[in-house]
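Visitor: Here is the input, now give the coordinates:
(one chain, ligands or ions: 1)
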Amino acid sequence: MTSDRSGRRPLRRLMALLRPHRSAFLSAVAATVVGQVATVGTAVATAWLAGQVLAGRAVAGLDLDGPARWVLLALAVGVTVVAVATWWEMLVAHDLAYRVLADLRVVVYDRLRRIVPARDRPERSGDLATTAMTDVESLEWLYAHVIAQTIGAGMVLVGGSAALAAIRPDLLLVLLPAALLVLTVPWWWKRTADRQGEELRTRGAALGADVVDLLQGLPELTAAGALDRRRAELGAATAKLTALSRRTAGRAGREVAATDLLVSLAGAGALLIIALDPAGVPPQWVPVVLVLTGTVLAPAAAVAGTLQQAGSLRAAVSRILDVLDTPDTVPAAPATVARTPVSRPGEPVVTLTGVRFGYRPGRPVLDGIDLRVHRGETVALVGRSGGGKSTVVALLQRFFDPDAGRIDLLGTDLRAVPDEQLRRRVAVVGQDVQIFAGTLRENVGLAVPDAPDAALRSALTTARAVDLLDRPGRWGAVIGERGARLSGGERARLAVARALAVGADLLVLDEAVANLDAHTERALHEALAVGAADRATVVVAHRPSAILRADRVVVLDSGRVVADGPPGALLAAGGPLADLLTVGDQDDRSDR
Ligand SMILES: Nc1ncnc2c1ncn2[C@@H]1O[C@H](COP(=O)(O)OP(=O)(O)OP(=O)(O)O)[C@@H](O)[C@H]1O
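Guide: Sure, this is the predicted structure:
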């Protein structure tokens, strides 16, 4: 996926996502600051008490003098506040993160809807799925564990520095450089972290896609005896990922060690300053100084620790922004000029005029197609494999716009038809029927979820699929992931019913009946003919039975229409259709 990465301002865009959740964000910051301040406060109070004991000013038990009693009380309150604030912070910070991620997921899915299918996208679907799910998920860490905590760490650092300066200003000579260095630790190995993060993401996505491939293709891989080889390849990819994770953990460990070392050095530095001039700090305050130096740096060290994952995060953010910044495959129909397509008597439902289209520049797949389909007409689109039939179907759904020429739906340029209108006017049963995990009703009523059962039943009846209702559970029958509990023919008939339920003006069947036995296919075509008067029907077909049943046959060859007319007339003329069917007959005979 290529995109101009300049001027993307990732941080600003990530922060902008917090805007609708301002109050949740402020709660998260408040909880973090209260928790961190209470932690420092209890540690300092404990150190102060220890100092008092060391100086012989306080005794154990309740016989403490005045200030010690109050400090003990503050300590008890502080410990309670730390516990409550930690719980509160966990709650509000994660609530905030999940709200932001929910928003982002909607934005990413919406973008995916507008950029998939792309003309020439090299990534596999597993990569896009990773972006949609894992990359967005990884931002949870940023919103739940970094932003509010960084603000809290900054406040603790400023407040703690002021307190140390009040005790002895030259302690800042140790604290401030140490704080700066601690906060820069995540940048010491930034290049390595970025490379590892990018590699972890890429390898993880590839492995995810491979696993999906393997699971989906399990029957084919087993039948081809290729399962062991694929398993070995997966094993090798997993081993590489493990080695990379080990190197990443090693680098993260170095960062933790460096941070801990800096905090310890700061404590030692503070001790040295006190030792060089003991009169500057009263002995009972020495524990306070040492503890304050360590605890003031602790939140900054924690932030530096969480930033170990910054490399992976940067890679994830970059991929999310790639998706967000990819231009639409087809521009959305402008709402202001969009017209509702209207059917006028005698006007074709769909017209292609001089349509040219190619997936890659300079390699046209359609090279000036003219085609009209009227209401009540069934047109069979035929031609050699790779001739561009499915590409015509893709253009009819406006997955792509023509490079030249135009397509009109009921007299309106397809580019001006709003998406939601288009989906109701054009129904397509594709080559690869997608059945979704869920119930029979959800699948039949996919495009019309509010349709009454009677309408869906009628669609099932027409599609010769009403027997699916005989299953236990009837409408609620679960048909398995990708329709795993259905036969190929049942899946095809269900998909036809789903398209019929839409009541579209244009019904396109792209080799949808290839899985049906001859008897069911004939019955289906007869049933479709009953409702065909109300719509235009385009059938992409290879089988002579489907071709000869059409009112008109349009033959595509090398991206052009080379014959167009009633099947009988075309066959009698002995042109391209006769050639195609003759080759088909010979193929059929040689198969036998
Ligand atoms: N997404 C794509 N990216 C690049 N090229 C594509 C894409 N889809 C199809 N093509 C190419 O476009 C040409 C036409 O393909 P299309 O699927 O439209 O043919 P078809 O007539 O439907 O073939 P078949 O009868 O085998 O289904 C082929 O050369 C194919 O390789």
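Visitor: which residues of the stretch 401-550 of the chain fall in strands?
Guide: With DSSP state E, counting those that start in this stretch as the criterion, the stretch 401-550 of the chain has strands at 404-409, 412-413, 426-429, 506-510, 536-540.
Visitor: Tell me which of those strands sits nearest to the ligand.
Guide: Smallest distance to the ligand across those (Cβ to the nearest ligand atom): 6.6 Å, for strand 536-540. Yep, even glycine has a C-beta here, placed from its N, CA and C like the rest.
Visitor: Output that closest one as PDB, nothing but the C-alphas.
Guide: Provided in PDB are the C-alpha atoms of strand 536-540 (Å, rounded to 0.1, in the frame of the first residue of the first chain):
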ATOM      1  CA  ALA A 536     -33.900  -7.000 -16.000                       C
ATOM      2  CA  THR A 537     -31.800 -10.100 -15.600                       C
ATOM      3  CA  VAL A 538     -28.200 -10.700 -16.600                       C
ATOM      4  CA  VAL A 539     -26.900 -14.200 -16.400                       C
ATOM      5  CA  VAL A 540     -23.200 -14.900 -16.800                       C
END
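Visitor: And Leu272, how far from Pro278?
Guide: Per Cβ to Cβ, to the nearest Å, Leu272 is found 11 Å from Pro278.
Visitor: returning to that earlier point: can you redo the strands of the stretch 401-550 of the chain as a markdown table with mean pLDDT?
Guide: Output for the strands of the stretch 401-550 of the chain, formatted as a markdown table (pLDDT from 0 to 100):
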| stretch | mean pLDDT |
| --- | --- |
| strand 404-409 | 93 |
| strand 412-413 | 88 |
| strand 426-429 | 88 |
| strand 506-510 | 89 |
| strand 536-540 | 91 |
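Visitor: how close does the closest residue to Ala578 other than its chain neighbours get to the ligand?
Guide: Spatial nearest neighbour of Ala578, excluding adjacent residues (Cβ to Cβ, 6 or more residues apart in numbering): Leu571 at 5.3 Å. As judged by Cβ to the nearest ligand atom, to the nearest Å, Leu571 and the ligand stand 20 Å apart.
Visitor: same deal with Arg19?
Guide: The spacing between Arg19 and the ligand, counted by Cβ to the nearest ligand atom, is 38 Å.
Visitor: Let me know how buried that residue is, in neighbour terms.
Guide: Neighbour count of Arg19, defined by other Cβ atoms under 10 Å: 9.
Visitor: Over to the one 10 residues further on?
Guide: Counted by other Cβ under 10 Å, the residues lying close to Val29 total 20.
Visitor: Pull out the buried positions in the helix or strand containing it.
Guide: Per DSSP states H and E, Val29 falls inside helix 22-54. In terms of neighbour count (16 or more other Cβ atoms under 10 Å), helix 22-54 has its buried residues at 24-25, 27-53.
Visitor: what does stretch 556-564 give?
Guide: Of the residues in stretch 556-564, Leu556, Asp557, Gly559, Arg560, Val561, Ala563, Asp564 count as buried by neighbour count, 16+ other Cβ under 10 Å.
Visitor: Report the distance from the helix or strand encompassing Val296 to the chain centre.
Guide: Using DSSP H and E, Val296 maps to helix 286-306. Its chain's average C-alpha position is 39 Å from that of helix 286-306, according to Cα atoms, centre = their mean, to the nearest Å.
Visitor: Show me what it is packed against.
Guide: Secondary-structure packing of helix 286-306 (3 or more Cβ pairs under 8 Å, 6 or more residues apart in numbering; DSSP states H and E): helix 22-54, helix 147-167, helix 172-188, helix 227-276.
Visitor: Report all helices and strands that the longest one contacts.
Guide: It stands for helix 227-276. Helix 227-276 packs on helix 172-188, helix 190-216, helix 218-223, helix 286-306, going by 3+ Cβ pairs under 8 Å, 6+ apart.
Visitor: Any idea how far the second one is from the middle of the chain?
Guide: This means helix 190-216. With Cα atoms, centre = their mean, you get 15 Å for helix 190-216.
Visitor: average pLDDT for that helix?
Guide: Taken as a whole, helix 190-216 has an average pLDDT of 84.
Visitor: Now that helix: buried residues?
Guide: For helix 190-216, a neighbour-count test (16+ other Cβ under 10 Å) marks 193-201, 203-210, 213 as buried.
Visitor: residues in contact with Ala55?
Guide: Counting by Cβ atoms under 8 Å, 6 or more residues apart in numbering, Ala55 touches Pro282, Pro283, Gln284.
Visitor: Return the distance of the last one relative to Ile273.
Guide: So that's Gln284. Separation of Gln284 from Ile273 (Cβ to Cβ): 17 Å.
Visitor: correct me, but Leu321 touches Pro10?
Guide: Yes. The pair Leu321 / Pro10 is scored as a contact, 6.1 Å apart, by Cβ atoms under 8 Å.
Visitor: Who is the closest residue to Ala546 other than its chain neighbours paired with across the strands?
Guide: Computed as Cβ to Cβ, 6+ apart, the closest residue to Ala546 that is not its neighbour in sequence is Val539, at 5.8 Å. Legend: beta-bridge partners of Val539 under DSSP bridges are Ala380, Leu509.
Visitor: What distance do you get for Val539 to Ala477?
Guide: 29 Å.
Visitor: Check Leu272 too.
Guide: For Leu272, the distance to Ala477 (Cβ to Cβ) stands at 77 Å.
Visitor: Comparing the two, which residue is more hemmed in?
Guide: Per other Cβ under 10 Å, whichever of Leu272 and Ala477 has more neighbours is Ala477, with 17 against 10.
Visitor: At which residues are the helices of the stretch 451-592 of the chain located?
Guide: 453-462, 488-502, 518-531, 544-549, 567-573, 576-591 (DSSP state H, counting those that start in this stretch).
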